[in-house]
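In: Predicted model and sequence follow; I will ask about them next.
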Amino acid sequence: MAAPESGDGNNGAARMVTLISSDNTRFEVEAAAASLSQTLQLTILDGGGGGGDGIPLPNVDSATLSKVLEYCIKHAPAAANGGAPNATAVDRAELERFDNEFVNIDQSVLYSLIMAAHNLEIEGLQSLVAKKVADMIKGKSPMEIRRTLGFPDPTPEEQAEMNAHMLEYGWAYE
Amino acid sequence: MPRPRRHAARSASSPYKKKIQRVISPAAVGGDTGLPDDVLADIFSRLPHTADVVRCAATCSLWARAVAARAADLSRALPPMGRFVPELAVGLFHQEQDGPTPRTRRRSRTGAARPPCFLPLASGFGRRTGSLLALDGGSGDELHHMGPSVVRRGVAFWPLDHGALGVRLGDHDQLDRAADVHLLPYNVPSHRCPEKRLLGVSPDDGRLFFLHLSIRMGLNVLSAKISYFDIPGDDDISAGRKESSSFEQAVMMHQMKIEWWDNIDSVKLRWVGEKSGVVLFTMGQGSTHDGTFALSLRDGTVEKVAAGEGDSWRNMLGFEMDGAMYLASLLPRGEN
């Protein structure tokens, strides 16, 4: 979305933490947003990530982390309201629109996101990406699923297994 | 709210255009997306139908293992399989005898045939009239003559021509009374056609019943007639007998119009589900309704399970199991 602000931008109110990606890029982000990650939440509650320390995330590269943080920043206000019981329909619709747009991404980015959401335990993001993959594979045959997800072509033996499965579980292919 | 600031600006323009790190590369690991079972199960649980999960299990062996490993969680998350009883996958097993498929070629030397296939009944899955594997007859099946048994309160019953044969196995240490055997007579003359009679246990109150098929004249539809056995003291099979015919109830199958040219002899009753109250029967070729059918005794509806070859299946057994057990069975052959 919007480019990162180059100015100071520090209004002094929100506590910031620093996250360090596997390729050593440092991201400074509000603690509330980073705390959407169950994994990071405890560290942050303990006062970690502040100052010059930063929390290293050796499993997440910078491209993925910046995408993850984009999600967290967008969802942090609603999460702070405890699932936002007082959120307006407009707010919810805006989040939904954001989510739909957010997962409209290249497949390799999607895989990285799935793993990052899983490792960082960001519940909303886990559901969002899992739903996206489910939507990509639903209603497809095993062969179509393999093509969609970019698996290599099946070996003759795998192909024979797939054919046998189709005969055996014919009901699931109608 | 402040945006995250990037101190080490390695790519100031857009972070998304950067080369994606090869943390997971599907092609590199032979069809595996590298996703752990947890993540795969999370994805599968969001699929709309069990049929989608079944196809995923066929996509690659790692996925099949993930489905089997998380079968219980998946079956809770997915929409119910069962149409008749939601928590049960009701269906039938049929066993191929000799088919030149890749799997049967690899069967073990003991001559064990390929494991039975399960064919679930549930209209939720949509149309179900695809033709299935034609099965060779093979050798005769002795039990077929006696018909399937039903077990109720420790007593096994078989439907014979003049009554239901009840056999209660005795205790091991009482060899003189190893078994308690009685014939519970029918009140109507006799039911000599083994293929049109079955015993069942009612899902609601556990009563033993006798089921036979006939044609309701006038309406010209197939009808299932049910009459219950009265077993005094509920366990004393020696005095058990069928209740009088006034207690007989008939379930009309209005979808099953029988025409004058239909060969009613080709109708065969196969199985009664004691949890679901579903009856499986087949009709042979040359009749208007050619195939395998499921009748719900609860509401009298009939569903066509398979077209064609059902009539020729000798080894057909209805089955009721929960969704988790079904998903766990999707593992490729020879894997545990």
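Out: Received it, and whenever you're ready, just let me know what you need.

In: Return the residues in contact with residue A:122.
Out: A:36, A:37, A:38, A:68, A:71, A:72 (CB atoms under 8 Å, 6 or more residues apart in numbering or on different chains). Bear in mind the C-beta positions are built from the backbone N, C-alpha and C, glycine included.

In: Any regions of the stretch 151-300 of chain B where pLDDT drops low?
Out: Residue ranges of the stretch 151-300 of chain B with pLDDT under 70: B:169-180, B:188-192, B:233-235, B:239-247, B:260-263, B:286.

In: Please repeat the previous calculation with a cut-off of 50.
Out: For the stretch 151-300 of chain B, the stretches with pLDDT under 50 are B:172-178.

In: Which strands or helices does the lengthiest helix in chain A pack on?
Out: Secondary structure of chain A read by DSSP state H shows that its longest helix is helix A:62-80. Secondary-structure packing of helix A:62-80 (3 or more CB pairs under 8 Å, 6 or more residues apart in numbering or on different chains; DSSP states H and E): strand A:26-30, helix A:31-34, helix A:89-102, helix A:107-120, helix A:123-137.

In: mind putting those in TSV, mean neighbour count, mean pLDDT and distance to residue A:172 included?
Out: Putting those into TSV (neighbours: other CB atoms under 10 Å in any protein chain shown; pLDDT from 0 to 100; distance: least, CB to CB, whole Å) gives the following:
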stretch	mean neighbour count	mean pLDDT	distance to residue A:172
strand A:26-30	22	92	44
helix A:31-34	24	92	42
helix A:89-102	13	88	29
helix A:107-120	21	91	25
helix A:123-137	19	94	13
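
In: need those in CSV with distance to chain B, can you?
Out: Conversion of the helices and strands packed on helix A:62-80 to CSV gives the following (distance: least, CB to the nearest CB, whole Å):
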stretch, distance to chain B
strand A:26-30, 4
helix A:31-34, 8
helix A:89-102, 12
helix A:107-120, 5
helix A:123-137, 4
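
In: thinking again about what came up before, could you check the angle helix A:107-120 makes with the longest helix of chain A?
Out: For helix A:62-80 against helix A:107-120, the angle by axes from the mean of the first three to the mean of the last three CA atoms, to 10 degrees is 50 degrees.

In: what number of residues lie near residue B:223?
Out: Neighbour count of residue B:223, defined by other CB atoms under 10 Å in any protein chain shown: 19.

In: Then the one 3 residues further on?
Out: Counted by other CB under 10 Å, the residues lying close to residue B:226 total 18.

In: Can I take it that it is in a strand?
Out: Yes - per DSSP: H, G, I helix; E, B strand; the rest coil, residue B:226 lies within a strand segment.

In: Now do the contacts for it.
Out: Applying CB under 8 Å, 6+ apart, the residues near residue B:226 are B:209, B:210, B:211, B:248, B:249, B:250, B:251, B:297.

In: Can you tell me which of those lies closest to chain A?
Out: residue B:297 (22.6 Å; CB to the nearest CB).

In: So the closest one versus residue B:197, what's the distance?
Out: 15 Å (CB to CB, to the nearest Å).

In: Of the contacts of residue A:122, which pair is most distant in space?
Out: Using CB to CB, the contacts of residue A:122 reach their maximum pairwise distance at A:38 and A:71, which is 14.5 Å.

In: Which of the two has more residues huddled nearby?
Out: Neighbour count, other CB under 10 Å: between residue A:38 and residue A:71, residue A:71 has more, with 23 against 11.

In: from memory the more buried one sits against residue A:123, does it?
Out: No - using CB atoms under 8 Å, residue A:71 makes no contact with residue A:123, being 11.5 Å away.

In: and for these two, which residues touch both?
Out: With CB under 8 Å, 6+ apart, residue A:71 and residue A:123 have common neighbours residue A:36.

In: Where do the strands of the stretch 201-336 of chain B begin and end?
Out: Using DSSP state E, counting those that start in this stretch, the strands of the stretch 201-336 of chain B run over B:208-216, B:221-230, B:241-242, B:249-257, B:268-272, B:278-283, B:291-296, B:302-307, B:316-322.

In: Just say which of these is most tucked in.
Out: strand B:278-283 (a mean of 26; mean count of other CB atoms under 10 Å in any protein chain shown).

In: which helices and strands does it pack with?
Out: Partner elements for strand B:278-283 (3+ CB pairs under 8 Å, 6+ apart): strand B:268-272, strand B:291-296, strand B:316-322.

In: still on that earlier bit, just want the angle from the longest helix of chain A to helix A:123-137.
Out: Using the same axes, to 10 degrees: helix A:62-80 against helix A:123-137 is 120 degrees.

In: tell me which residues of helix A:62-80 are tucked away?
Out: The neighbour-count check on helix A:62-80 (16 or more other CB atoms under 10 Å in any protein chain shown) flags A:62-76, A:78-79 as buried.

In: wait, what's in contact with residue B:70?
Out: B:37, B:40, B:41, B:44.

In: again, only using 7 Å
Out: Counting by CB atoms under 7 Å, 6 or more residues apart in numbering or on different chains, residue B:70 touches B:37, B:41.

In: same question, residue B:63
Out: Taking CB under 7 Å, 6+ apart, we find residue B:63 in contact with B:40, B:56, B:57.

In: can I get the contacts of residue B:226 in CSV with distance to chain A?
Out: Shown next, in CSV, are the contacts of residue B:226 (distance: CB to the nearest CB, whole Å):
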residue, distance to chain A
B:209, 29
B:210, 31
B:211, 26
B:248, 35
B:249, 31
B:250, 31
B:251, 25
B:297, 23
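
In: Mind putting the strands of the stretch 201-336 of chain B into CSV with distance to residue B:186?
Out: Below are the strands of the stretch 201-336 of chain B laid out as CSV (distance: least, CB to CB, whole Å):
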stretch, distance to residue B:186
strand B:208-216, 7
strand B:221-230, 8
strand B:241-242, 5
strand B:249-257, 16
strand B:268-272, 15
strand B:278-283, 19
strand B:291-296, 21
strand B:302-307, 26
strand B:316-322, 23
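
In: so which of the ones you listed comes closest to residue A:128?
Out: Using CB to CB, the strands of the stretch 201-336 of chain B put strand B:316-322 closest to residue A:128, at 30.1 Å.

In: Flag the shaky bits of chain A, pLDDT-wise.
Out: Judged by pLDDT under 50, the stretches of chain A that qualify are A:1-11.

In: the domain parsing of it - what is it?
Out: A:16-81+A:88-138, A:139-174 (automatic domain parsing).

In: Out of the helices and strands packed on strand B:278-283, flag the one nearest chain A.
Out: Once the helices and strands packed on strand B:278-283 are compared by CB to the nearest CB, strand B:291-296 is nearest, at 12.0 Å.

In: Let's see that closest one as PDB, backbone CA atoms only.
Out: Taking C-alpha atoms only, strand B:291-296 is exported to PDB below (Å, rounded to 0.1, in the frame of the first residue of the first chain):
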ATOM      1  CA  GLY B 291     -28.400 -50.300 -10.400                       C
ATOM      2  CA  THR B 292     -27.800 -50.000  -6.700                       C
ATOM      3  CA  PHE B 293     -30.200 -48.200  -4.500                       C
ATOM      4  CA  ALA B 294     -30.400 -46.900  -0.900                       C
ATOM      5  CA  LEU B 295     -33.800 -46.700   0.800                       C
ATOM      6  CA  SER B 296     -34.200 -44.800   4.000                       C
END
